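# Below: sequence and its predicted model.
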Amino acid sequence: MTENETNPKYGDGADDSGPRTADKTAQGVVIAFGQTMKTLRLRAGMDREELGRRLGYSAATIASFEQGRRIPPPRAIDRADQVVDAGGLLTLWKEEVERAQYPPFFQGMAQLEKQAMELLSYDTLVVKGLLQTEEYMRALLGMWRPPLDDETIEQRVTARLARQDIFDRRPTPLLSFVMDESVLRHQYGGKGVLRGQLEHLLLMGQRRNVEIQVMPIECDDNAGVDGAFTVVTRKDHKRFLYVEAQVTSALETDPEQVGLAAARYGIIRSQALAPRKSLELIERLLGEL
């Protein structure tokens, strides 16, 4: 399934033991955090129902956090630290817990997005995760085979929505998205889901730091025929090329290869419809639903 997500072997300096070890490591972090949260809750003399009430969750959800079956969002960790008077012991876990909420093959890319001052994305199968609506996310995650369990879907939806903070970050990163017209025609989840997704793209395309372009079906030249990719420029001006297929990915740092990808992206942008024409096409597709 494609929302461009990254193998830690490439993305965050893991060793060659690969995704399975990374999965176990992430799960270990979540379990250790949950045990710490439970210990501090008991020290504060609270039951799960009381803590849940003060955090805005049910007692069952607090149990899921403590048992490592569900990952709490950063805001919940901050609030829990205050409520149980942890003195920062819970917030120390926040970065590691946040990393653990992503699939192993996307953890490196998730960190890069947080440091990006420019992001260039070309997509051929689905709308980029940063631009997806919650309903569209759920439709895509619901199509995974073998199926994902409900808790994993909730975890990934929460994580993907959290990534969209990039649009409101200061200083504002420059974000460019080119997608094939076919992406905008797939009715994943049904017409209602697609309608909401197209409306969202129209809104996002009006932001001053966002450019959305469409590669029309009738184009007779496309420098992106080799598939989807993303080029990220970090705040220190170092650039990375990210490519994904199925549940494997590569994060390329070689300046020559990244430079070629950035040049190729420039050609793709020139071949695609201009941003204004692209939004007009999206509006027309919306009217046809």
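Happy to help now that I have it.

# distance of the residue lying farthest from the centre of the chain from D236?
The centre of the chain is farthest from one residue, G45, which by Cα atoms, centre = their mean lies 37.0 Å away. For G45, the distance to D236 equals 47 Å [Cβ to Cβ, to the nearest Å]. All C-beta spots, glycine's among them, are computed from the backbone N, C-alpha and C.

# how close does the closest residue to I212 other than its chain neighbours get to P173?
Once flanking residues are discounted, I212 sits nearest to G205: 4.2 Å by Cβ to Cβ, 6 or more residues apart in numbering. Per Cβ to Cβ, G205 is found 16 Å from P173.

# My read is that E66 contacts M37, right?
Yes: assessed by Cβ atoms under 8 Å, E66 is found in contact with M37 at 5.5 Å.

# which of these two has more neighbours?
M37 (25 against 21; other Cβ atoms under 10 Å).

# picking that back up, mind checking the SS state of the residue farthest from the centre of the chain?
The three-state assignment at G45 reads coil, by DSSP: H, G, I helix; E, B strand; the rest coil.

# start at 5 instead
In the new numbering, first residue 5, that becomes G49.

# How confident is the prediction for it, by pLDDT?
In this model, G49 is scored at 95, pLDDT.

# now D19
Looking at D19, its pLDDT is 28.

# One more: V101?
Looking at V101, its pLDDT stands at 87.

# Nearest residue to it in space, ignoring adjacent ones along the chain?
Nearest residue to V101, sequence neighbours excluded (Cβ to Cβ, 6+ apart): F37, at 5.3 Å.

# Ok, G196 next?
Among residues not flanking G196 along the chain, E139 sits closest, at 7.7 Å (Cβ to Cβ, 6+ apart).

# circling back to that earlier point, the residue nearest to I216 contacts E284, doesn't it?
No: with contact defined as Cβ under 8 Å, G209 does not count as touching E284 (10.3 Å).

# Of these two, which one has the most company?
For G209 versus E284, the count of surrounding residues by other Cβ under 10 Å is larger for G209: 19 against 14.

# Name all residues that make contact with the more buried one.
Counting by Cβ atoms under 8 Å, 6 or more residues apart in numbering, G209 makes contact with 215-216, 279, 282-283, 286.

# so how far is M147 from it?
Taking Cβ to Cβ as the measure, G209 and M147 are separated by 26 Å.

# Determine the three-state secondary structure at C223.
When classified by three-state DSSP, C223 comes out as coil.

# just S253 next, same as before
What three-state DSSP gives for S253 is strand.

# ok, L94 - contacts?
Applying Cβ under 8 Å, 6+ apart to L94 gives the contacts 37, 40-41, 44, 81, 84-85, 88.

# Just among the residues you listed, which is most surrounded?
Within those, most neighbours by other Cβ under 10 Å means M41, with 25 neighbours.

# Correct me if wrong, but that residue is in a helix.
Yes: judged by three-state DSSP, M41 forms part of a helix.

# Among the contacts of L94, which are located in helices?
Counted as lying in helices by DSSP state H, out of the contacts of L94, are 37, 40-41, 44, 81, 84-85.

# ok, of those, which one's closest to G60?
Nearest to G60 out of those is A84 (Cβ to Cβ; 10.8 Å).

# Give me the nearest residue to the closest one, chain neighbours excluded.
In space, A84 is closest to L94, 5.6 Å off (Cβ to Cβ, 6+ apart).

# Please tell me how far the one you found sits from E100.
From L94 across to E100, the span is 12 Å (Cβ to Cβ).

# Mutual contacts of the two, please.
Listed contacts common to L94 and E100 are F37; contacts here mean Cβ under 8 Å, 6+ apart.
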